[in-house]
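Undergrad: Here is my input, please return the structure:
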Amino acid sequence: MKVVMLAAGVGRRLHGDENNHLPKAILRFGGKTLIARHMECLFDNGINELVLVIGHRKEDLMAEVDAILEGLGGPKDFVRTIFNPRYKESGLLSLYSADEVLRSGDDVMFMDADVLYHPDVLARLIHSRHPNCFTLDYEFEDGDEPVKLCLRDGDLIDFGKLVTDDYHTIGEWPGFMRMSPGIAVKVADAVQARIDKDDLTAPYEDAMRDVLKSEPVGTFNFEDVTGIPWTEIDFLADVTFAEEVILPRILESLGEKAAS
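TA: Numbers count the residues shown, from 1 in each chain. Presented below is the predicted three-dimensional model:
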């Protein structure tokens, strides 16, 4: 299985449009950067290739990746980077940068880089019996920001920030999904179709939604991660929440202490 992780953005909701702060993937919680936590979790679960889409301050992110690889003692080709020169324009273009990975004929797992989570969130997805699968958390505060997953009679029927109201159950998406080779190609086609229409304002989730809505019900499944601590880092309040609430829960569950 290949992993595609988007880490190219400038973090405008966190720092503003023209900021020069470090990429969010280098935010440090408990003495470890987010990218270090991702890489350790992937490595521990037998993943052999992480394709990292980079853009904003790419040299800093690549330097952190090199340092992590040295510490892991893993193969130097564990991480491959793809530079999106148009990273300021659209997350859709970052996903498009990984087009050849989506069309590689391998299972593909997609990851957002700006998530702090207990390793069980990712492990459940990696080892899921479902070839096309989202992570889903039933406990969330509804609103415009959360990316939602909607279920009817236990089946996924919609996905995105703006969704249908024809559902029985709703939950939040923690930003990770896995795709079979065939579905990965269809996601690549959906991304290409939106770019061909110059629809760059659409979030990349809309391309995934296009595929979910076009496939027979039951094609996509989910792993329930309700109760496992995680949070996405979009705003300053999210950083505080991650530091004061989520990280202590993660460390307590793992029996660890925060590094200084």
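Undergrad: quick one: the helices in the stretch 101-250 of the chain?
TA: Remark: helices assigned in the stretch 101-250 of the chain by DSSP state H, counting those that start in this stretch are 119-126, 181-196, 204-214, 236-241, 247-254.
Undergrad: pull the CA atoms of the lowest-mean-pLDDT helix or strand in the chain into PDB?
TA: Lowest on mean pLDDT, DSSP states H and E among the helices and strands of the chain sits helix 12-15, with a mean of 70. Taking C-alpha atoms only, helix 12-15 is exported to PDB below (Å, rounded to 0.1, in the frame of the first residue of the first chain):
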ATOM      1  CA  ARG A  12      -3.700  30.300   6.000                       C
ATOM      2  CA  ARG A  13      -6.500  29.600   8.500                       C
ATOM      3  CA  LEU A  14      -3.900  29.200  11.300                       C
ATOM      4  CA  HIS A  15      -1.500  32.000  10.400                       C
END
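Undergrad: ranges for the strands of this structure?
TA: Here the chain has its strands, by DSSP state E, at 2-7, 28-29, 32-33, 49-54, 79-83, 108-112, 115-117, 133-136, 148-152, 155-160, 169-172, 176-179, 221-224, 230-232.
Undergrad: could I get the helices of the stretch 101-250 of the chain as CSV with distance to residue 83, mean pLDDT and mean neighbour count?
TA: Any C-beta I mention is one placed from the backbone N, CA and C, and that applies to glycine too. Shown next, in CSV, are these (distance: least, C-beta to C-beta, whole Å; pLDDT from 0 to 100; neighbours: other C-beta atoms under 10 Å):
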stretch, distance to residue 83, mean pLDDT, mean neighbour count
helix 119-126, 25, 97, 20
helix 181-196, 17, 97, 19
helix 204-214, 17, 96, 20
helix 236-241, 26, 94, 14
helix 247-254, 31, 95, 15
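Undergrad: Tell me if I'm right that residue 87 and residue 95 touch.
TA: No: here residue 87 does not reach residue 95: they are 11.4 Å apart, not a contact under C-beta atoms under 8 Å.
Undergrad: of the two, who's got more company?
TA: Neighbours per residue (other C-beta atoms under 10 Å) separate residue 87 from residue 95, with residue 95 holding more: 28 against 22.
Undergrad: Compare the helices of the stretch 101-250 of the chain and give me the one nearest residue 112.
TA: helix 204-214 (9.6 Å; C-beta to C-beta).
Undergrad: and residue 57, which of the helices of the stretch 101-250 of the chain is closest to it?
TA: Residue 57 lies closest, by C-beta to C-beta, to one member of these: helix 236-241, at 17.8 Å.
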